[in-house]
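Chemist: dropping the sequence and predicted coords here.
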Amino acid sequence: MADNRVLVERYVRLAFQKVGTLAKDILFSSKQSNGFNFSTGVATVTLANPVSVKAIQLKAKKPKREEGIALSTKSIELLMISKDAPNMDSYDIVTVDGVAWNIVRPIVDDGYLITVEATREI
């Protein structure tokens with residue numbers, strides 16, 4: 001059974017190599033509060049612990065309408081190899097092509113591939 005797992009992992013990695021430029025370098029990071037300005041009421045937040053991973057963007061979803069009101073969020077879905085991805089519990093931001101997206105839970109991990117949905121306001 002272990003041989004089957006190794007074989008599947010090898011083919012998943014080969015598939016990522018074959019897609020070439022469809023696989024992008026994305027950056028996972030987490031927000032950390034460094035302080036709070038009491039006069040403005042705004043927290044100082046920075047992105048920390050960045051980790052770069054290759055991923056394929058599966059789809060982008062346009063803003064939806066609910067009861068005639070246009071929502072101002074857009075979402076994307078990313079696919080990456082499980083062994084290459086960091087522990088997803090530690091990250092809440094993913095940067096794709098220079099644009100920061102908020103990671104949406106739950107994250108789907110089948111042991112071979114991880115699928116992450118991310119949203120941002122537009």
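Modeler: In hand now; what should we look at? Worth saying up front: this structure is predicted, and the values here are computed from it rather than measured.
Chemist: switch to C-alpha atoms for all contacts and neighbour counts from now on
Modeler: Will do.
Chemist: need the next SSE after the worst-scoring helix or strand of the chain on mean pLDDT, C-terminal direction.
Modeler: For the chain, counting by mean pLDDT, DSSP states H and E, strand 69-70 ranks last in confidence among helices and strands (a mean of 56). Using DSSP states H and E, the helix or strand that directly follows strand 69-70 along the chain is strand 73-81.
Chemist: run through who's touching that following strand.
Modeler: 12-13, 53-63, 112-122 (Cα atoms under 8 Å, 6 or more residues apart in numbering).
Chemist: paired strands for that strand, with orientation please.
Modeler: Under the criterion DSSP bridges, strand 73-81 sits next to strand 42-61 (antiparallel), strand 113-121 (antiparallel) in its sheet.
Chemist: distance from the chain centre to it, please.
Modeler: Distance of strand 73-81 from the chain centroid (Cα atoms, centre = their mean, to the nearest Å) equals 6 Å.
Chemist: ok, then the element right after that strand?
Modeler: Later in the chain than strand 73-81, the nearest helix or strand by DSSP H and E is strand 93-96.
Chemist: can I get stretch 21-31 in CSV, CA atoms only?
Modeler: The C-alpha trace of stretch 21-31 is given here as CSV (Å, rounded to 0.1, in the frame of the first residue of the first chain):
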residue,chain,number,x,y,z
THR,A,21,3.7,28.3,-16.3
LEU,A,22,0.2,27.5,-15.1
ALA,A,23,1.8,26.8,-11.8
LYS,A,24,2.5,30.1,-10.0
ASP,A,25,4.7,31.0,-7.1
ILE,A,26,2.3,32.2,-4.4
LEU,A,27,3.2,33.5,-0.9
PHE,A,28,1.5,32.5,2.3
SER,A,29,1.8,34.8,5.3
SER,A,30,0.1,35.6,8.5
LYS,A,31,-1.1,38.9,10.0
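Chemist: what helix or strand is F16 on?
Modeler: Counting by DSSP H and E, F16 is part of helix 2-18.
Chemist: what about that helix, distance to the chain center?
Modeler: Distance, centroid of helix 2-18 to centroid of chain: 22 Å (Cα atoms, centre = their mean).
Chemist: mind listing the strands the helix or strand following that helix pairs with, and their directions?
Modeler: Once helix 2-18 ends, the next helix or strand along the chain (criterion: DSSP H and E) is strand 23-37. Strand 23-37 pairs in its sheet with strand 42-61 (antiparallel), strand 93-96 (antiparallel), by DSSP bridges.
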